[in-house]
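*Asks:* Output the structure for:
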Amino acid sequence: IADRGLLSTANIEELDKLQTQLKKDGRDVAVEYILALPAARYGDFADDLQKLHKSQDATQEWCAETKWNDSRLVVAHDPVAANRRTAARDNKVAELVKLGQQCTVKLDEQDESLRTGTKKKSKGRPMSDSGTKARFYHEVKVAHMAHLIKVDLKAQLFSYTIDEDKKRYLELLDGKLLLVTNTKATAAEAVQRYKSLADIERGFRVLKSDIEIGPVYHRLPQRIRAHALICFMALVLYRVMRMRLKAAKRSESPTTLLEQLKRIHQQTVETGEGQTLTGLTEITPAQKSLFAALELTPPTPSDLAKHVL
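*Replies:* Coordinates of the predicted model:
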């Protein structure tokens, strides 16, 4: 299972070659995949999507499939996500069109004043078509709308157009997840398995942000395995904390919990007579309630003398 960055015809061919080689070697191993499709980059799926879209209720969630090359194309639709995405794009386009219209009006006013010989007072330097094209194109690029709003940089005068065909295709894609798979799982199962990838990615984000396990460069295999084991154990503990907090109906996240609990310190002092004394930070009622939510016994001073491992 992989996201849109892995999908390419060459990669799928390599997976198929691997499957063929495994069969030749007599190994009973199935190379199955569920890959997300970057459909927005291509227009190859417009007809298939249009047929599926017409056969389904766009106001409801649905999941269907069709064929793509020798694989299955699974399509899932989320109407809430579709409306949100379409509205966001329409707002961006409207803002840029308004800016383009303002630029056009100012350029026309300048041309009219030059033609009639009447000069209006205005702040700043006069606008030029070349400068306006460059500035407007920059705004379009910043808004990530260059695939929709086409600025004619080669034209003598400032002009732009909206690619209506591309806009309709993107609206057709809004709220849709496209997956290519060679598995025998149902369309709904393929979507569910792919969405589990998001949970894995969240785990990596937790390791890098909340748990703060930075990159460590090891050379020896046993150290690489040890580092991977520590990362895995930390993530498992994080997940267990999250599940137990949720079961206890607590609103705190594991990150907030760790921030609270790491304020508990062990103190070790040595007296002038050479005696070693240990103590423990007083545990607050809030911290005790967190231990209860985790189904753990709060530490006591007597626990300090015990070995952890």
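
*Asks:* What segments of the protein are helices?
*Replies:* 9-24, 46-54, 79-116, 129-142, 164-173, 187-208, 221-247, 254-261, 285-293 (DSSP state H).

*Asks:* shaky segments in this protein?
*Replies:* 1, 3-7, 9, 41-43, 119-124, 210-215, 304-309 (pLDDT under 70).

*Asks:* Tell me which residue is most central in it.
*Replies:* Compute the mean C-alpha point of the chain, and by CA atoms, centre = their mean the closest residue is Ala198, 8.1 Å away.

*Asks:* How about the backbone phi and psi for Gly274?
*Replies:* Torsion angles at Gly274 (phi, psi; degrees, to the nearest 10) stand at phi 90, psi 10.

*Asks:* Is there a neighbour count for it? I'd like the number.
*Replies:* 6 (other CB atoms under 10 Å). All C-beta atoms are positioned from the backbone trio N, CA, C, and that covers glycine.

*Asks:* Check Asp78 too.
*Replies:* Count around Asp78 with other CB under 10 Å applied: 16.

*Asks:* That one: what's its closest spatial neighbour, skipping adjacent residues?
*Replies:* Take Asp78 and drop its neighbours on the chain: the residue closest to it by CB to CB, 6 or more residues apart in numbering is Gly175, 4.5 Å away.

*Asks:* ok, now which ones touch Ser253?
*Replies:* By CB atoms under 8 Å, 6 or more residues apart in numbering, Ser253 lies in contact with 242, 245.

*Asks:* The same query, at a cut-off of 10 Å, please.
*Replies:* Contact analysis of Ser253 by CB atoms under 10 Å, 6 or more residues apart in numbering lists 210, 238, 241-242, 245, 259.

*Asks:* And those, which is closest to Leu296?
*Replies:* Nearest to Leu296 among the contacts of Ser253, counting by CB to CB, is Met241 at 9.9 Å.

*Asks:* Which strand residues bridge Glu65?
*Replies:* Residues in a beta bridge with Glu65, per DSSP bridges, are Val74.

*Asks:* That one contacts Thr181, doesn't it?
*Replies:* Yes: with contacts counted by CB atoms under 10 Å, Glu65 reaches Thr181, the gap being 8.9 Å.

*Asks:* any common contacting residues for these two?
*Replies:* Contacts common to Glu65 and Thr181, judged by CB under 10 Å, 6+ apart, are 72-74, 187, 190-191.

*Asks:* Export these as CSV, with columns for distance to Lys133.
*Replies:* Converted to CSV, those look like this (distance: CB to CB, whole Å):
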residue, distance to Lys133
Arg72, 46
Leu73, 40
Val74, 43
Ala187, 46
Ala190, 46
Val191, 44
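
*Asks:* Who wins on neighbours among those?
*Replies:* Going by other CB under 10 Å, Val74 tops the shared contacts of Glu65 and Thr181 with 26 neighbours.
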